[in-house]
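Undergrad: Give me a 3D structure for the following:
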Amino acid sequence: MRKKRTTLWIVLPLVLLLIVLSGCQSVGSLDIQKAMVSNLDVQSIESNQTLSVHLTPASSASAQNVMIAEVLNNSKLIIDHAKMESPSEMSLTGAVEYVGQRLPFHLYMNNDGVTIDLEGAKQPIYISYSLYEQATGLSGVGFNFAAVQEQQREFTKAVASFLFKHLPNPSNIAVDSVSTDVYGETLDLTRLHTELDGKEVLELVKPFLTSMTADEQGIKDLIGAFYDYYAPIIAQSSADSESSAASMFGDRDTFVQEGYTSVKETLDEVLKEYDQNIADLKQDESFNTVFGPETRVTADVYFDSDLHARKQNLDVTIALPADGSLDYTSINIHTESDAWNINGSVTAEPVDVSGGTLNISENTTPGTILRNFDSSSPIFKLLNLADISRKTVYIGDYSDYDDIIVRNKISYIPAKDLAEALDAKMQWNASTKQLTFTDDITGAVTVLKVNSKQATVDGQAKTLPANVIQVKGKTYVPVRAVAGFLGATVTSSYGDIVIERK
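TA: Coordinates of the predicted model:
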C-alpha cells in the first residue's frame, strides 16, 4: 500500500503542473493541444520575462528562515531580452533584483557551452558541455551535443503531444478575443484563461490516467520516442556502439512491446485501487492542505492566429503542510512574459570574452569562484550568503577517505587527502621534507615539516599536538590541528571523522 501511495504522490503534482502548462484540450475554436505542441517547434524567437517567488513563514519559523523569506520575497528575476537565434544558440540579458539591489547579467549559450557575465566579475564564467560529457561517460567518443539537443526536442514534443491529448479540462477554463500589449505593440489575440485549485486536481487525475490507459498506440509511440532519444546517446558512449545500445535496450520492437506491457500493468494497478488510496491519503491533513482550496493556479496564455503564444501570465500558490515539518505555510510563484519576432531573423549576443574567462571544471574550487568577484560586489555577498565555502567530508571505512592512522589517541590522515578534502593547494619539498598548504578560501599559507611539531600559519608560529610523520613514504598530519589551520573543525560521528568547513 505504501508503494502505491508514493506513486500517487508523484502523479498528482505532475498532473497539476501539466494542467498549468497545457490548459488541456480544446475550448471553443482553440485547439490547445495543437497550440502547445506547435510552440515547441519554434526555431527562433525574442522574449522577455519576470519571475518572482514569495514564501510565507510559519509562526514557528527560525530566524534564519524568516530572513531567507524576506530576501526571496523582495527579489525578482528579470529577463529584459532573450534572443533565441536557433534551438542551440541563444542569449539572455537581464538582472536579479533583491532587497533594493540589482545584479545585471548577460548569458550566452551555443553548442559548446554557456558563458555568463555578472556585474562584479573579473572574468565571465564559462561552463563547457564537456562537463556533461565527463559526467555521463560520453567524453572523447565523438559526442554530438547539437544532435542530442535535436533528439531531445523531438522527444519533448512526443511527450507533450501525448500528455496534452489526455488531460481533461478544468471546470474554470475559457477562451475569448482580446486586444493587449506585447512588447509595446497592441495585438488582437486569443486568450486562454484557466483557474483551478488543489481540490480540483484530484478530480482531474483519475480521468487523465483512465484516458491514458486506453491509448495503447499512444503509449507505444511514446515509448518508441523514448527509445529513439536514448538509444543513440548510449550508442555514442561506446566504441562498440551497436552492442552497447542493444545490450541496454534490446531491439526497438521488443523494447516498445515490453515497455507497453509494464506501463499498462502499472496504470491498471494504480486505477484499480485509486479511490481507496485517495481516501487513505485524505486521512493525512498534510495531503488535504496541499490538495485543498488554498492551493490555487491562475494562468492566462495569449495566442496569435498562428497559434504562437505571445504573452503568458501565471500565478501558482501551493499551500504547504502545517504539521511543523516546514518553516513555511505557502509558496507563491508568479511569472509574466512576452514573445515576438517568432521564427524571424534573430541574432544572439555573445558575451565579451576578450579578457578571458573563468572556465568551470570538475576541479574548480569555491575559493576560485569567490576570487573571481570583487569582495564588495553583490554576487560576492550572495555567494557567501549561500555558504559556497561550506563543505563536509567524512573519513572512515565507508566514507570519502578511509586512510586513518591513530597514534597516542591522535588521528592522522594523509596530507594529500586533507588538502583534497578542503580544496587546499599543497606543495611538497622533498629535499627539506616541508609541506606547504594554501587555504582555498582565505589564501592563508600553512608550512609544516616532517618529524616536527612546529608550524607556521600565515606567518604566525603554531605548535602541533604531535609530529608530522611519514609511513611507507606517505606523509600524514594530525587531522584536527591541521584542518583547523585550514578553517575547518573536526568531530566524530558513528566512528567516522567529520571535517566541516562553514
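
Undergrad: switch to C-alpha atoms for all contacts and neighbour counts from now on
TA: Noted.

Undergrad: Next, the residue lying closest to Ser305 once chain neighbours are set aside: secondary structure please.
TA: Among residues not flanking Ser305 along the chain, Leu189 sits closest, at 7.4 Å (Cα to Cα, 6 or more residues apart in numbering). At Leu189 the chain is in strand, as set by DSSP: H, G, I helix; E, B strand; the rest coil.

Undergrad: In contact with the nearest residue to Asp400 once chain neighbours are set aside, which residues?
TA: Nearest residue to Asp400 in three dimensions, chain neighbours excluded: Tyr394, at 5.5 Å (Cα to Cα, 6+ apart). Shown in contact with Tyr394 (Cα atoms under 8 Å, 6 or more residues apart in numbering): Asp400, Tyr401, Asp496, Ile497, Val498, Ile499.

Undergrad: re earlier: tell me how far the residue nearest to Ser305 lies from Phe105.
TA: The gap separating Leu189 from Phe105 is 32 Å, by Cα to Cα, to the nearest Å.

Undergrad: bridging residues for the nearest residue to Ala339 once chain neighbours are set aside?
TA: In space, Ala339 comes closest to Ser47 once its chain neighbours are excluded; the distance is 4.2 Å by Cα to Cα, 6+ apart. Beta-bridge pairing for Ser47 (DSSP bridges): Ala82, Ala339.

Undergrad: Surely Ser47 and Trp340 touch.
TA: Yes - when contacts are counted by Cα atoms under 8 Å, Ser47 is listed as touching Trp340 (6.1 Å).

Undergrad: Name the spans of the chain whose pLDDT lies under the cut-off.
TA: Judged by pLDDT under 70, the chain has its weakly predicted residues at 1-33, 36, 130-149, 233-248.

Undergrad: host element of the residue nearest to Asp400?
TA: Following DSSP states H and E, one finds Tyr394 within strand 391-395.

Undergrad: For that strand, buried residues please.
TA: Within strand 391-395, the residues scored as buried using 16 or more other Cα atoms under 10 Å are Val393, Tyr394, Ile395.

Undergrad: So the first one sits against Asp400, correct?
TA: Yes - counting by Cα under 8 Å, Asp400 is a contact partner of Val393 at 6.6 Å.

Undergrad: that older thread, would CSV of the buried residues of strand 391-395 with distance to Met109 be doable?
TA: Formatted as CSV, these follow (distance: Cα to Cα, whole Å):
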residue, distance to Met109
Val393, 34
Tyr394, 37
Ile395, 39
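
Undergrad: which of those lies closest to Met90?
TA: Within those, proximity to Met90 (Cα to Cα) peaks at Val393, which comes in at 38.3 Å.

Undergrad: give me every residue that touches the closest one.
TA: By Cα under 8 Å, 6+ apart, the contact set of Val393 is Asp400, Ala421, Val498, Ile499, Glu500.

Undergrad: Restrict those residues to the buried ones and give me that as a ChimeraX selection.
TA: Under the burial definition 16+ other Cα under 10 Å, those of the contacts of Val393 that qualify are selected in ChimeraX by:
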select :421,498,499,500
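
Undergrad: What is the nearest of the contacts of Val393 to Tyr476?
TA: Ala421 (14.1 Å).

Undergrad: List the contacts of the closest one.
TA: Ala421 touches Val393, counting by Cα under 8 Å, 6+ apart.

Undergrad: same thing with Ile441?
TA: Pro366, Gly367, Leu370, Ser389.

Undergrad: cool, Ser47 as well?
TA: Asp80, His81, Ala82, Lys83, Ser337, Asp338, Ala339, Trp340.

Undergrad: so can I have CSV of those showing neighbour count and distance to Ala279?
TA: Formatted as CSV, the contacts of Ser47 follow (neighbours: other Cα atoms under 10 Å; distance: Cα to Cα, whole Å):
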residue, neighbour count, distance to Ala279
Asp80, 14, 47
His81, 17, 48
Ala82, 22, 46
Lys83, 22, 48
Ser337, 21, 39
Asp338, 20, 42
Ala339, 19, 43
Trp340, 19, 47
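
Undergrad: Could you dump those into CSV with distance to Gly473 added?
TA: Formatted as CSV, these follow (distance: Cα to Cα, whole Å):
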residue, distance to Gly473
Asp80, 59
His81, 59
Ala82, 57
Lys83, 58
Ser337, 63
Asp338, 65
Ala339, 65
Trp340, 67
